[in-house]
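[1] Sharing a sequence plus its predicted fold:
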Amino acid sequence: MARIGKAALVAAALILLGLAVGGCKEPPEGGRGGGPRLKFIVSDVDLVQAAAIALLADHFGWDVDVVVVVMHEQNLTVEDLVVLFVLLQLAKSEDAALAVGLRGQGLGWGEIAHRLGIHPGVFNQLRKRVFGPAGGPKRGKWESDEDFRQGLFIIMLSDYFAVGAPIIYEKFQKGNSLGDLTLALALGKRSGVEWTKLMEERKEKGKSWLEAAEALGTDLGELDSIAEKVKAPPEKEHPLKGQGKGKGKEAT
């Protein structure tokens, strides 16, 4: 597996390819036109995964290659990755291998937090933000492992895009996937089109997110390179330690 270089925070803002940063512009008529041909993003599933990895790398200050390798270490979902990087950030740790190994042992998030040296009060504060009214509308007993992962992902989207968590929760409760939310927020910020409007128009017209991105004139070339890494991750040895800078806002 490959020895991965340290994250370059100065360049991190470029990771999202302008999906979540940069000035607004009017999309060209007829779609993207002259952008690079996509070889590895062949479906919305590929696009969502690549965009989520780019967001994680930028938000937490980790190299994209490290995020990809961590995902493949234990066949983790994107939601798992969010929790792992949040816990590493709270623990002020750069030892991704330790966090991955603990998850691979089947430990719950609370036990992993304890093993990483996170004070129980800090972890409980995180849970309150995810499950309590501060994070979104009350959902009764919303305490499962899956709920925690999904809720923390929504909190990350709220922090990254500066959009109220209750609004994102509301859209999620209405059947929009985390992938839909991620791409709508990213494409909306880049294009200057209200993200909720993008979601509505996409559904009304029956478009895929790939088609929606093309209509907005969004170049997906760099995300395509991330999709390539996902399909063929680094195979040389790597330490998975000391790679991240934890620049993202703490989710507490």
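    Happy to help now that I have it.

[2] List the buried residues in stretch 119-131.
    Residues 123, 126, 127, 129, 130, 131 are the ones in stretch 119-131 that count as buried (16 or more other Cβ atoms under 10 Å). Where you see a C-beta, it was placed from the backbone N, CA and C, and this is true even at glycine.

[3] Poorly predicted segments of this protein, please.
    The model of the chain has pLDDT under 70 over residues 1-36, 133-143, 234-252.

[4] mind listing the helices for it?
    9-12, 44-60, 64-73, 78-90, 96-104, 109-115, 120-131, 145-161, 165-173, 178-191, 195-205, 209-215, 221-231 (DSSP state H).

[5] Determine the angle, from 0 to 180 degrees, between the fifth one and helix 78-90.
    Helix 96-104 and helix 78-90 are oriented at 130 degrees to each other (axes from the mean of the first three to the mean of the last three Cα atoms, to 10 degrees).

[6] helices and strands around helix 96-104, which ones?
    Helix 96-104 makes packing contacts with helix 64-73, helix 78-90, helix 109-115 when contacts are defined by 3 or more Cβ pairs under 8 Å, 6 or more residues apart in numbering; DSSP states H and E.

[7] how about the longest one: buried residues?
    Meaning helix 78-90. For helix 78-90, the buried set under the neighbour-count rule, 16+ other Cβ under 10 Å, comprises 78-90.

[8] Excluding its own residues, what touches that helix? List them.
    49, 52-53, 56, 60, 62, 67, 70-71, 74, 76, 94-96, 99-100, 103, 109, 112-113, 116, 118, 122-123, 126, 146, 148-150, 152-153, 156, 178, 244, 246, 248, 250-252 (Cβ atoms under 8 Å, 6 or more residues apart in numbering).

[9] swap the cut-off to 6 Å and go again
    With contacts defined as Cβ atoms under 6 Å, 6 or more residues apart in numbering, helix 78-90 is touched by 52, 56, 60, 71, 99, 109, 113, 116, 118, 122, 149, 152-153, 156, 246, 250-251.

[10] before we move on, what about the shortest one?
    Residues outside helix 109-115 that contact it (Cβ under 6 Å, 6+ apart): 83, 87, 102, 123.
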